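Asks: Next comes the sequence, and after it the predicted model I'd like to discuss.
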Number of protein chains: 2
Amino acid sequence: MEKYLPLLERTALFEGLARSEIAALCRAFGCHTAYYRKGSVILKRGEPAERAGIVLSGCVRAERNGADGTLRVVARQEALALFGDVLSVSRGCESPVDVVAAEDTEVLFVPLAALMRQDAPECRDAQARVRMNLLGELSDKYWALNRRLELLRAPTLRARLARLLLSEREERGSDSFTLSGTREMLAAELGVNRSALSRELGRLGREGLLTARRGRFTLHDVAALERLAGE
Amino acid sequence: MEKYLPLLERTALFEGLARSEIAALCRAFGCHTAYYRKGSVILKRGEPAERAGIVLSGCVRAERNGADGTLRVVARQEALALFGDVLSVSRGCESPVDVVAAEDTEVLFVPLAALMRQDAPECRDAQARVRMNLLGELSDKYWALNRRLELLRAPTLRARLARLLLSEREERGSDSFTLSGTREMLAAELGVNRSALSRELGRLGREGLLTARRGRFTLHDVAALERLAGE
DNA sequence: CTCCTTTTGTTGCAAATGCAACAGATTTTT
DNA sequence: AAAAATCTGTTGCATTTGCAACAAAAGGAG
């Protein structure tokens, strides 16, 4: 436990707390670590989660297997990430996904609901801070979802692409940036067909709005892209 | 203020609290009411919100006006609804929408961040309860967003429609139900063209999967619809 | 009841996109 | 370096969907 304090210090949930405070909180609320071998199931679909988890090492994957047996990876959380938080503060809500260890993984479980409800008099300040951190984390996840929704709401592939590129531009603060991941993944994020995406990128290139070579994107005509993105 | 206690008792935020507790909390944290004439702006786009609001009477509308001047109504909140909650717990996030009074409206402002951070020793239990309520509310909004995302993620109009109808069926607990709102609104919710929606409904009807007459929907072949919905 | 407005279904057509197959480029493995 | 695997762009074709125009149905106002 102790050896993870430097790590925990840097997580969103415990940000701004002294190591001693983190340790005290964990003691007061009975956090505990667990080790999972690659492939083992951490949280089963359909079960409620009364604990959230922090990935200490390794990597965790949220997946959903359709009736036809095909697997769909919904999300991926690496070290320092918090998972199961939304779920564990929901009233009687079941997990819509399986959470599986993508590699050998260590997890710290945190009983969030208790942390929000009960007062531990010996670490009141720390608790208040964690509460705010959790809220911030939840709202971040909300806005992230909202952003993806805005993307998918766009009526056409061009518009979706424009929105994604513009929001990326804003985030990076430059008209030129590199997107990690393959075209296939980018297409998935936009919810469109890969080859259709390539086609559209080709067109936009020919029209002089941007240059896209593999992962490298350069926007030449931001105004036009904004027009495409709509509102 | 006092006269609203019966109302507040029934809001999601104050659910489970005695009237006296609500009153004490409001006093401790300086909640206050405000009155807005129809059409006046309650929260401007681009401003941060440090207070959330509860609609006491009337109705509130979140809207967004694109560069081209077209208005888009994002959401509508009637009496008892909480708005600005996600925003007010976000760290330094600006409102993406204008919030406008859709009718003459009374609002109770609640400084949520303070409520989560500071302790009011005289109403500790009530505060703990409100914290849990807020978390529940936030996660509800998260899941609602998630549900809409699942809808829009479906590759085809048929699939989207199937998902919507099936989730409605599950919620109502019956194969037959009425959807409020016009076809136009339904189409907007699915993010598709109205006439395309009507066409698809016609097809599904001819194939014997369902009957749709104006607002009334009856599902005849749930298994087939589930196949259409995919995963 | 009649006129008028709104909502809904229908259809032809054009644009957008998914799909599949293939070739060139890039990366990885042997 | 050669071979194999992966990624990317391109294109033809079929399907889906948006769009616009219209007609029928429903609902409201006088």
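Replies: Ah, there it is. Numbers count the residues shown, from 1 in each chain, chains lettered A, B, ... in the order given.

Asks: Make sure I have this right: residue A:12 is in a strand.
Replies: No: going by DSSP: H, G, I helix; E, B strand; the rest coil, the assignment for residue A:12 is coil, not a strand.

Asks: The closest residue to it other than its chain neighbours: which element?
Replies: Leaving out its chain neighbours, the residue that sits closest to residue A:12 by CB to CB, 6 or more residues apart in numbering or on different chains is residue A:137, at 5.0 Å. From N, CA and C alone the C-beta is placed, and that goes for glycine too. Per DSSP states H and E, residue A:137 falls inside helix A:124-153.

Asks: so what's residue A:168 up against?
Replies: A:177, A:179, A:217 (CB atoms under 8 Å, 6 or more residues apart in numbering or on different chains).

Asks: how about the helices in chain A?
Replies: For chain A, applying DSSP state H gives helices covering A:5-8, A:19-29, A:85-89, A:112-117, A:124-153, A:157-172, A:183-190, A:194-206, A:222-229.

Asks: Tell me which of the ones you listed approaches residue A:55 most closely.
Replies: When the helices of chain A are ranked by distance to residue A:55, counting by CB to CB, first place goes to helix A:5-8 at 9.7 Å.

Asks: re earlier: determine which stretch of the helices of chain A is the most buried.
Replies: When you average the neighbours per residue for each of these (mean count of other CB atoms under 10 Å in any protein chain shown), helix A:85-89 leads with a mean of 25.

Asks: helices and strands around that one, which ones?
Replies: When contacts are defined as 3 or more CB pairs under 8 Å, 6 or more residues apart in numbering or on different chains; DSSP states H and E, helix A:85-89 packs onto strand A:52-57, helix A:112-117, helix A:124-153, helix B:124-153.

Asks: Nearest to residue A:45 among these would be which one?
Replies: Checking these against residue A:45 by CB to CB gives helix B:124-153 as the closest, at 14.5 Å.

Asks: show me what contacts the residue nearest to residue A:12?
Replies: Residues in contact with residue A:137 (CB under 8 Å, 6+ apart) are A:12-13, A:82, A:85.

Asks: Out of the contacts of residue A:168, which comes closest to residue B:152?
Replies: residue A:179 (21.8 Å).

Asks: For burial, what's the neighbour tally of the nearest residue to the closest one once chain neighbours are set aside?
Replies: Distance criterion CB to CB, 6+ apart; nearest residue to residue A:179, sequence neighbours excluded, is residue A:215 at 5.4 Å. Using other CB atoms under 10 Å in any protein chain shown, residue A:215 has 13 neighbouring residues.

Asks: Of the contacts of residue A:137, which qualify as buried by neighbour count?
Replies: For the contacts of residue A:137, a neighbour count by 16 or more other CB atoms under 10 Å in any protein chain shown gives the buried set as A:13, A:82, A:85.

Asks: Can you report phi and psi for the first one?
Replies: By that I understand residue A:13. When quoted as degrees, to the nearest 10, the phi and psi of residue A:13 stand at phi -70, psi -40.

Asks: By mean pLDDT, flag the weakest helix or strand of chain A.
Replies: Every helix and strand of chain A was ranked by mean pLDDT, DSSP states H and E. The lowest is strand A:71-77, at a mean of 75.

Asks: can you dump the C-alpha coordinates of that one into CSV?
Replies: Output in CSV follows, covering the C-alpha atoms of strand A:71-77 (Å, rounded to 0.1, in the frame of the first residue of the first chain):
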residue,chain,number,x,y,z
LEU,A,71,-16.4,-8.2,-28.8
ARG,A,72,-16.5,-4.5,-28.7
VAL,A,73,-13.9,-2.6,-26.6
VAL,A,74,-15.7,0.4,-25.1
ALA,A,75,-12.8,2.0,-23.3
ARG,A,76,-9.3,1.5,-22.1
GLN,A,77,-7.8,2.8,-18.9
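
Asks: name the helices or strands packed onto it?
Replies: Checked by 3+ CB pairs under 8 Å, 6+ apart, strand A:71-77 has strand A:60-65 packed alongside it.

Asks: List the neighbouring strands of the strand it packs on plus their orientation.
Replies: Next to strand A:60-65 in the sheet, as set by DSSP bridges, lie strand A:71-77 (antiparallel), strand A:98-101 (antiparallel).

Asks: In TSV, list those strands along with mean neighbour count.
Replies: Listed next are the strands paired with strand A:60-65 as TSV, based on neighbours: other CB atoms under 10 Å in any protein chain shown:
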stretch	mean neighbour count
strand A:71-77	13
strand A:98-101	22
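
Asks: Minimum distance to residue B:34: which of these has it?
Replies: The minimum distance between residue B:34 and those falls on strand A:71-77, with 40.2 Å, by CB to CB.

Asks: Is DNA strand D within reach of that closest one?
Replies: No: residues of strand A:71-77 contacting DNA strand D under CB under 7 Å from any atom of the strand: none, with a closest distance of 14.3 Å.
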